[in-house]
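Student: sequence and predicted structure are below.
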Amino acid sequence: MPEGEPTGKPPSATSLWREARNAAARARLEKSLPAVFPLPVLRHALSRPLVPPTPRLAVESYWRHHILRADRLARALAAASGQPEGWTWRLGTWTPEDRRLDKRRRGKAVEDLSETALAEKGLAFSFRMPPAPFREGPFARGKGHCCICGQPVYRFGWHRDLWGTGTPNRNAAWHAACVIAWKFWIAPADHVKELKRRQGHRCAQSGKRLLKTAEVDHRVPLYRIWREERARPWPELLGYWGLPNLQVVNRAIHADKCAAEAGERASVRRRAAGPGTGDPAAGME
Ligand SMILES: [Zn+2]
């Protein structure tokens, strides 16, 4: 029990357990802590109800609890890398169904298929996934570089060389912050709480109080990014998955918006239904 806490009751078994556990975790953390370590991460770690016992876990916990900061940082790091020369946003054509077939057929048609697979290595199959050039074979920057943003990764998945080693950590392929940002980009609805808080619990469309059933929405829907914005420079594109394009709205308003978007897509499809117009995104949900 922390000193000076006014209490008439003896500490519960749980709090005794937590005290002992945290004392051990703090000791372990301090022992493995290098002389240089990001101070905000250390402060965060020591204030957790359950103290992370290693520097690496402390870094992960820090970003997990600062999702929006991770989103901002990952996009800033991507902007520092810029769009790789010769890269354009493409989607894989090789469907997951083909993949399953390939597994069954392995050995037979493997030559052809692996060629397709090679050409499309790292490509997502849906425009709902953020484009990630450095995950694609030809643009990968190799060991010690983050496959999300392309920048060097240092100790504990940190993004800056606080230790002055001059070389990235060759075992790392992600920044701790970029992992968290990626999870946020592909499933922003999991973070509705943070987003609601940021909006002061007001619906971004109506200004009314957000209800429990409020939903996360992409202001500009992702199908339109693919259809109309895909030639934009890559680091800018990521903003459509991050905070600048996210809003929390009440469910009824979201349903109306989705219905309007579906109608708009259907009319675009009808217009495009002439022979030979192959919008790869047509019909993709
Ligand atoms: Zn990164």
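Tutor: Noted; the coordinates are in hand.
Student: could you look up the SS state of the residue sitting nearest the centre point of the chain?
Tutor: With distances taken as CA atoms, centre = their mean, the residue of the chain nearest its centroid is Trp182 (1.3 Å). Under DSSP: H, G, I helix; E, B strand; the rest coil, Trp182 falls in the helix class.
Student: quick check: the gap between it and the ion.
Tutor: From Trp182 over to the ion the distance is 9 Å, taken as CB to the ion, to the nearest Å. Any C-beta I mention is one placed from the backbone N, CA and C, and that applies to glycine too.
Student: neighbours of the nearest residue to that residue once chain neighbours are set aside, how many?
Tutor: Distances taken as CB to CB, 6 or more residues apart in numbering put Ile148 closest to Trp182, at 5.6 Å, once the chain neighbours are dropped. Look at Ile148: counted by other CB atoms under 10 Å, it has 26 neighbours.
Student: and His218, by the same measure?
Tutor: Quick note: His218 (other CB under 10 Å) scores 18 neighbours.
Student: that one and Arg197, how far apart?
Tutor: Distance of His218 to Arg197, given as CB to CB, to the nearest Å: 19 Å.
Student: which residues does the nearest residue in space to Pro168 that is not next to it in sequence contact?
Tutor: Spatial nearest neighbour of Pro168, excluding adjacent residues (CB to CB, 6+ apart): Gly144 at 3.1 Å. By CB atoms under 8 Å, 6 or more residues apart in numbering, the contact set of Gly144 is 152-153, 167-172.
Student: I'd like those residues laid out as JSON lines, including secondary structure, pLDDT and neighbour count.
Tutor: Output for the contacts of Gly144, formatted as JSON lines (DSSP: H, G, I helix; E, B strand; the rest coil; pLDDT from 0 to 100; neighbours: other CB atoms under 10 Å):
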{"residue": "Pro152", "secondary structure": "strand", "pLDDT": "97", "neighbour count": "19"}
{"residue": "Val153", "secondary structure": "coil", "pLDDT": "97", "neighbour count": "25"}
{"residue": "Thr167", "secondary structure": "coil", "pLDDT": "91", "neighbour count": "9"}
{"residue": "Pro168", "secondary structure": "coil", "pLDDT": "94", "neighbour count": "19"}
{"residue": "Asn169", "secondary structure": "coil", "pLDDT": "92", "neighbour count": "18"}
{"residue": "Arg170", "secondary structure": "coil", "pLDDT": "92", "neighbour count": "11"}
{"residue": "Asn171", "secondary structure": "coil", "pLDDT": "90", "neighbour count": "8"}
{"residue": "Ala172", "secondary structure": "coil", "pLDDT": "91", "neighbour count": "19"}
